[in-house]
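[1] Attaching a predicted model along with its sequence, questions to come.
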Amino acid sequence: DLGKEAMAAELAVSDEAFSAIREILSQQSNRDTDAIRADMHLLLDLGIDSIGKIDAMGSIEARFGMQIDDVAAANVARVADLLRLVGDRQPRGKGDTSSKKWKKLAASSTNGANGFSGDVPFSAKPFRWFARGTVGVLMNTYIRVRGVGVENLPKTGAFILAPNHSSHLDSPSVMTAIGSRRRVWVAGAEDYFFNTAIKRFVFGKLFDTIPFDRKADGVAGLRRCGDALSHGDGLLLFPEGTRSVTGELQKFRIGIAVLAVERQVPIVPVHIDRAYDLLRKGGRIVRPGMVTVRFGTPIPPPPADAIEDHYAAFRELTQTVQEAVALLAREAQAR
């Protein structure tokens with residue numbers, strides 16, 4: 001049975017190897033290392049989504065001096081699957097984190113093959129105008145949105161917006177603050193925003209939402225986002241992966257850095273203030289109030305051809321963006 005298979009996989013690696021994998025997964029899931037078992041599901045038990053899984057496997061590649069191909073990565077669901085991939089390898093410190101997988105991860109275009117298209121059908125345009133107008137009225141009356149630092153948005157060319165995430169009001173607040181200045185696509189959870197035909201039409205055609213599968217390997221979602229950037233548009237991507245249940249900033253995932261480096265576009269740090277107070281995760285009643293959206297100075301990625309260690313560069317850029325968002329949060333608290 002599954003329990004015996006997981007135990008067999010656990011026994012196939014050394015204590016040092018299992019401890020190293022536990023440590024990596026602990027950083028992604030915020031679970032104690034001792035609480036992580038071989039039979040645990042990465043998403044259902046540990047809450048590690050597709051981007052978190054990519055991040056974890058990059059760390060495993062570095063620690064064990066190995067490369068995990070795309071097919072093997074897509075089939076990883078449980079801790080036991082990672083143990084099988086490692087086998088009898090031994091951890092070797094931080095190791096060399098350069099990897100072809102990280103270099104090419106978001107470089108390929110889907111050419112529409114994975115569900116992304118920048119076109120809006122003519123028949124959908126009246127619905128698009130009405131839906132966006134209705135949301136605009138809501139976000140400027142019952143909820144008021146104030147944009148600070150909007151001049152930091154690039155006037156031309158593609159860019160990535162990287163805000164904190166604690167409420168379903170976050171996306172409409174950012175979009176309201178931007179207004180008609182630039183077209184911005186929003187990366188949304190496929191299992192939440194695209195799980196019915198109506199939602200697929202509303203979010204995909206009316207609100208420029210890109211489906212991002214949090215349960216799969218994450219590559220298809222990143223490539224859809226890359227296609228949006230190739231149009232020269234903006235992309236709103238929440239680096240925390242999911243809404244914060246406390247309102248506090250969570251650890252950023254590296255997806256924003258992967259896209260920024262491979263597409264050579266800047267990342268604009270964004271902080272959304274008070275959306276959490278008006279509509280928290282799990283809440284059903286939206287309270288009236290003011291939401292302030294602060295846009296920081298764009299952060300350019302390092303030149304792709306100058307990077308020797310791609311994974312390390314992704315981690316460093318992600319950390320820089322998180323610190324910039326945290327600084328904007330402190331500025332909000334000081335006012």
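    Arrived safely. Numbering: from 1, shown residues only.

[2] Just the mean pLDDT for the helix or strand harbouring Glu331, thanks.
    Taking DSSP states H and E as the definition, Glu331 sits inside helix 310-334. Averaged across helix 310-334, pLDDT comes to 92.

[3] Name the next helix or strand downstream of the strand or helix carrying Ala257, please.
    Assigned by DSSP H and E, Ala257 belongs to helix 255-263. On the C-terminal side of helix 255-263, the closest following helix or strand by DSSP H and E is strand 267-273.

[4] For that next one, list the C-alpha coordinates in PDB.
    Provided in PDB are the C-alpha atoms of strand 267-273 (Å, rounded to 0.1, in the frame of the first residue of the first chain):
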ATOM      1  CA  ILE A 267       9.600  44.100 -11.300                       C
ATOM      2  CA  VAL A 268       7.600  46.800  -9.600                       C
ATOM      3  CA  PRO A 269       7.200  46.200  -5.800                       C
ATOM      4  CA  VAL A 270       3.600  47.000  -4.700                       C
ATOM      5  CA  HIS A 271       2.100  47.200  -1.200                       C
ATOM      6  CA  ILE A 272      -1.700  47.100  -0.700                       C
ATOM      7  CA  ASP A 273      -2.800  48.600   2.600                       C
END
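
[5] Would you mind checking the average pLDDT for whichever helix or strand comes after that strand?
    The first helix or strand that comes after strand 267-273 along the chain, using DSSP H and E, is helix 275-278. Helix 275-278 shows a mean pLDDT of 95.

[6] where does the protein dip in pLDDT?
    1-11, 93-124, 129, 214-219 (pLDDT under 70).

[7] now the helices for it?
    Along the chain, counting by DSSP state H, helices occupy 2-11, 15-29, 50-64, 70-74, 79-86, 100-104, 125-140, 170-178, 190-193, 197-201, 219-230, 255-263, 275-278, 310-334.

[8] just those: most buried one?
    Across those, the average number of neighbours (mean count of other CB atoms under 10 Å) peaks for helix 255-263, which reaches a mean of 27. In short, each C-beta sits where N, CA and C put it, glycine included.

[9] returning to that earlier point: which of the helices of the chain sits closest to Ile285?
    Closest to Ile285 of those is helix 275-278 (CB to CB; 9.4 Å).

[10] first vs last residue of stretch 58-78, how far apart are they?
    Start-to-end span of stretch 58-78 (CA to CA, to the nearest Å) is 16 Å.

[11] ok so, going back, with distance to Leu236 as extra columns, can I get the helices of the chain in a markdown table?
    Converted to a markdown table, the helices of the chain look like this (distance: least, CB to CB, whole Å):
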| stretch | distance to Leu236 |
| --- | --- |
| helix 2-11 | 38 |
| helix 15-29 | 23 |
| helix 50-64 | 15 |
| helix 70-74 | 26 |
| helix 79-86 | 31 |
| helix 100-104 | 23 |
| helix 125-140 | 15 |
| helix 170-178 | 6 |
| helix 190-193 | 13 |
| helix 197-201 | 18 |
| helix 219-230 | 10 |
| helix 255-263 | 10 |
| helix 275-278 | 14 |
| helix 310-334 | 13 |
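
[12] Out of the ones you listed, which is closest to Leu153?
    helix 170-178 (6.7 Å).

[13] Now do the closest one: which elements does it pack against?
    helix 125-140, strand 143-148, strand 159-163, strand 184-189, strand 234-236, strand 267-273, strand 289-295 (3 or more CB pairs under 8 Å, 6 or more residues apart in numbering; DSSP states H and E).

[14] How about residues contacting the shortest one?
    Here strand 234-236 makes contact (CB atoms under 8 Å, 6 or more residues apart in numbering) with 153-154, 158-161, 163, 171, 174-175, 178, 182-187, 210, 225, 228-229, 259.

[15] go again using 6 Å as the cut-off
    Contacts with strand 234-236, where a contact means CB atoms under 6 Å, 6 or more residues apart in numbering, come from Phe159, Ile160, Leu161, Val174, Arg182, Val184, Trp185, Val186, Cys225, Ala228, Leu229.

[16] Then the first one?
    Around helix 125-140, the neighbours that count as contacts under CB under 6 Å, 6+ apart are Val145, Pro172, Thr176, Leu206.

[17] for the third one, same thing?
    When contacts are defined by CB under 6 Å, 6+ apart, strand 159-163 is touched by residues 234-237, 239, 256, 260, 265-270, 272, 321.

[18] Which of those are buried, as a PyMOL select command?
    Here is the PyMOL command that picks out the buried ones among these, judged by 16 or more other CB atoms under 10 Å:
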select buried, resi 234+235+236+237+239+256+260+265+266+267+268+269+270+272+321
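
[19] of the contacts of strand 159-163, closest to Pro302?
    Ala260 (9.3 Å).
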